[in-house]
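[1] with the sequence up front, the predicted model follows.
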Amino acid sequence: MKIMRKTSSTLCVDIHGMREREAKFRLESLIENGSADIIHGFNGGTVLQSLVRSGLESKRIKEIRPGDNSGQTIIILKQGEK
């Protein structure tokens, strides 16, 4: 997993090459403990895309939408909730 800070409140997380179970654990941990607003992964298949778009569970998630390309997903978090 590669994490890059885009702005003070936005993280860009690349989950390319990860297995579904590990990606889910790490992403949910980041969502619960961090301030990530954008999470994206690139993969030739759809397992990670499906995980990010419909398989993550958190009360902090406000909105999930596709990004600029099929390998990118944007997750907007609710502010002030942990």
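    Okay, I see it. Owing to the predicted nature of the structure, the values given are computational and were not obtained by experimental measurement.

[2] residues in contact with the longest helix along the chain?
    In the chain, with assignment by DSSP state H, the single longest helix is helix 20-33. Under the criterion C-beta atoms under 8 Å, 6 or more residues apart in numbering, residues 1, 3, 11, 13, 15, 18, 36, 39, 41, 47-48, 51-52, 55-58, 60-61, 75, 77, 82 lie in contact with helix 20-33. Every residue, glycine included, has its C-beta placed from N, CA and C.

[3] that helix: which residues count as buried?
    23, 24, 27, 28, 30, 31 (16 or more other C-beta atoms under 10 Å).

[4] likewise stretch 4-19?
    Across stretch 4-19, burial judged by 16+ other C-beta under 10 Å covers 11, 12, 13, 14, 15, 18.

[5] can you flag which of those belong to strands?
    Counting by DSSP state E, the buried residues of stretch 4-19 place 11, 12, 13, 14 in strands.

[6] ok, now which ones touch the closest residue to the second one other than its chain neighbours?
    Going back to what we said before, that points to residue 12. Counting by C-beta to C-beta, 6 or more residues apart in numbering, residue 12 lies nearest to residue 4, which is 4.5 Å off, once chain neighbours are set aside. Applying C-beta under 8 Å, 6+ apart to residue 4 gives the contacts 11, 12, 13, 14.

[7] save those residues as JSON lines, and put in distance to residue 68 and pLDDT too.
    JSON lines is the format used below for the contacts of residue 4 (distance: C-beta to C-beta, whole Å; pLDDT from 0 to 100):
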{"residue": "11", "distance to residue 68": "17", "pLDDT": "83"}
{"residue": "12", "distance to residue 68": "12", "pLDDT": "84"}
{"residue": "13", "distance to residue 68": "16", "pLDDT": "87"}
{"residue": "14", "distance to residue 68": "15", "pLDDT": "86"}
